[in-house]
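S.K.: Everything below, folded, please.
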Amino acid sequence: MKADTYELKTILAFERRYVIPTFQRDYEWTKDEQWSLLYDDLESVADRLEESRQIAEISGQDVAKAASKVAPHFLGAIVLDALSHSPGSLDLNAVIDGQQRLTTIQLLLRGVLDVLLEQESIRAKSIRRLTANPADVVLDPDEGYKLWPRRRDRDVWRVAMADEPDDGADHLYLQARSYFAERTRVAFVASDGSDRSDVVVDALIGLFKLVVISLEDNDDAQVIFEVLNGRQTPLSATDLVKNLLFMRAEFADEAELEKLYDEHWAHFDDKWWKKEIGRGHAARGRRDVLLSSWLTIASETEVNLGHLYGQVREYLNDGDHKIPDILNELSTAATAFRDILERPSTLPTPMAHRYARVDRLSVTTAIPLLVWLRTLPESLLPPGDHLRCVAAVDSWIMRRVIVGANTRGYGKRFVDVLKAAKRALADDASIPDAVEAALLDAGDSNLTWPTDDEVLTAFVERPFYDNLTQERIRMILGALDYQMHLDHPKGEHPVFNYDSLQIEHLLPQKWRTHWPIDCDDDAERALLEMERDRVRNRLGNLTLITGPLNIPMSNGPWSDKRLAIAQHSNLQLNAGVDEVESWDEDSIADRARSLTAVAVRVWRRPGQSLAAEAGEIE
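M.R.: All right, here's what the predicted structure looks like:
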């Protein structure tokens, strides 16, 4: 990144064009909010410059040297990204940030130029060269404009920058030009009636300064934007990429640019796409996650959401990519992405459940693989194979949640799985076999696919209530109950909103009153009580109930509690609990083993029968 401070006479004197991306937002600056303040600043700088010159003249000092010590006025920063152009043509720079500021400066210069032309001032030439490229270096009349706005504004821009504008036009461009001209006519006349145009022009072109940030190949506009615009407002990388894509399409002479936008991009402006997913500092808008998913699929590399714009730009620079093809790929991926997150009623229930778990766990690193699988036609990935792939991803993730494995390295792992699946497609091999094999191959990492024995150990020994959020516990217990209803159908399958159910400890958290340990030896009893405190939070002791128990009943003796649970729940998860005569550590371990038998079928590991999965397809 190159960041330099320039006077207007320097930055705008170069023979180049500053291009506003076609789908940037409207010009919005107004008289009350920005124009008047900007001109107030100009008059203030001119006053300082005039005073400095007068003092130098009175004291016999060098006027030019004294003027050089006048404090300049900084207009802020603009961010530019160099665009490719044909040899011999003018340099092109996309205005990535600062279009409102740069547009207003051009209109201010145009207003000042109007007054200078009225006065037939020789200073008009010095201002005109800041608004227009010399006629002898342009190949097309439009190349004469230093600033070239988005497509829909170009006709009015030609009017706004013409020597004889349309007086009947009422666009903000024309209003700004007229306002700046009116202020200039007043500013050019000193209080004693003398001409002070030189001091105003000198202040404008020599003491108004811009910080110009020019992106280089390894720069990321996202990071720069976050610094310039404040980290309190989340940055959408998608907006930056949109400008990049359509700017390149425009200069590649892609026909019907607006049609491309309407067909492939306009829907990303919907509120649904701007909603964030993920947690904490990793939360990003859905469209940013989609964009990273598309780039992961296209480049087969791990994408950093915090540097998404830079990585997209690098991808585009690396090959001969056609913008319409990329937009079509994005559109196709968007449909798949939305199905995964919205899970429409047309989606088979088992597939929807598995998507829901990946979504709720915020495992966004798995989304590119799921999106790619969903974009494949049934002729290449039949429904049974598709479900098997998604089930493998769900199993790998959920088993690792169950055993308490960390998520570090998931991004690279799912990229490797994606590569394996794409190779299988290219080789006309089994895609589900490739997905499962890639997930099984942990290499020298700790990203293993936990075995049935490891799941059993976790269910029997791990204190789930201490280590998992209640949301995740409900997710696990709900999935087990759903499978148990499939295993033991009794008429129509009941529909439960597991998220709304209450987690209940079968052995109460406050068990000492009604569940005392019968042991005469104090030391041994203390050890047994410590063990019971550990056991109470294990999965075998946890259940869901459809109606909350009152506190006395929840902590009451088992003889009363088991009947209350039967009355407050028709979940298969609690089937047979009321028949257990005594609930203790052994009962909890036995139930954990029973639940494990269900869990390893819900989240299968390769090598086990897939018949049940095949039967799930609706």
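
S.K.: all helices for the stretch 51-200 of the chain, in order.
M.R.: Along the stretch 51-200 of the chain, counting by DSSP state H, counting those that start in this stretch, helices occupy 63-67, 99-118, 124-128, 154-160, 172-187, 197-202.

S.K.: Which residue ranges of this structure form strands?
M.R.: 2-7, 16-19, 73-83, 91-97, 147-148, 208-215, 276-277, 284-285, 502-505, 542-545 (DSSP state E).

S.K.: In a markdown table: the ones you listed, plus distance to Asn446 and mean pLDDT.
M.R.: Heads up, the C-betas are built off the backbone N, CA and C, glycines and all. As requested, the strands of the chain are exported to a markdown table (distance: least, C-beta to C-beta, whole Å; pLDDT from 0 to 100):
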| stretch | distance to Asn446 | mean pLDDT |
| --- | --- | --- |
| strand 2-7 | 43 | 86 |
| strand 16-19 | 50 | 91 |
| strand 73-83 | 41 | 87 |
| strand 91-97 | 41 | 85 |
| strand 147-148 | 54 | 94 |
| strand 208-215 | 39 | 89 |
| strand 276-277 | 26 | 83 |
| strand 284-285 | 27 | 83 |
| strand 502-505 | 30 | 88 |
| strand 542-545 | 27 | 90 |
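
S.K.: With distance to Lys65 added, can I get these in a markdown table?
M.R.: Shown next, in a markdown table, are the strands of the chain (distance: least, C-beta to C-beta, whole Å):
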| stretch | distance to Lys65 |
| --- | --- |
| strand 2-7 | 17 |
| strand 16-19 | 31 |
| strand 73-83 | 20 |
| strand 91-97 | 34 |
| strand 147-148 | 34 |
| strand 208-215 | 19 |
| strand 276-277 | 55 |
| strand 284-285 | 53 |
| strand 502-505 | 79 |
| strand 542-545 | 82 |
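
S.K.: And those strands: which comes nearest Val371?
M.R.: Ranking the strands of the chain by proximity to Val371 (C-beta to C-beta) places strand 276-277 first, at 13.6 Å.

S.K.: Go through the strands of the chain and name the closest to Trp29.
M.R.: Closest to Trp29 of those is strand 73-83 (C-beta to C-beta; 12.2 Å).

S.K.: and the helices of the stretch 51-200 of the chain, which is most packed in?
M.R.: Most buried of the helices of the stretch 51-200 of the chain, by mean neighbour count (mean count of other C-beta atoms under 10 Å): helix 99-118, with a mean of 23.

S.K.: so Ala298 sits right up against Tyr315, yeah?
M.R.: Yes - using C-beta atoms under 8 Å, Ala298 is in contact with Tyr315, at 6.7 Å.

S.K.: Look at these two and report which has more neighbours.
M.R.: A direct count of neighbours by other C-beta atoms under 10 Å for Ala298 and Tyr315 places Ala298 higher, at 19 against 16.

S.K.: Got the confidence number for that one?
M.R.: For Ala298, the pLDDT comes out at 95.

S.K.: Tabulate the helices of the stretch 51-200 of the chain in JSON lines, adding columns for distance to Gln311 and mean pLDDT.
M.R.: Putting the helices of the stretch 51-200 of the chain into JSON lines (distance: least, C-beta to C-beta, whole Å; pLDDT from 0 to 100) gives the following:
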{"stretch": "helix 63-67", "distance to Gln311": "47", "mean pLDDT": "80"}
{"stretch": "helix 99-118", "distance to Gln311": "24", "mean pLDDT": "96"}
{"stretch": "helix 124-128", "distance to Gln311": "41", "mean pLDDT": "94"}
{"stretch": "helix 154-160", "distance to Gln311": "31", "mean pLDDT": "92"}
{"stretch": "helix 172-187", "distance to Gln311": "36", "mean pLDDT": "95"}
{"stretch": "helix 197-202", "distance to Gln311": "45", "mean pLDDT": "95"}
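
S.K.: And these: which comes nearest Lys9?
M.R.: Here helix 124-128 is closest among the helices of the stretch 51-200 of the chain (C-beta to C-beta), at 7.4 Å.

S.K.: Having no further points to raise, I will conclude here.
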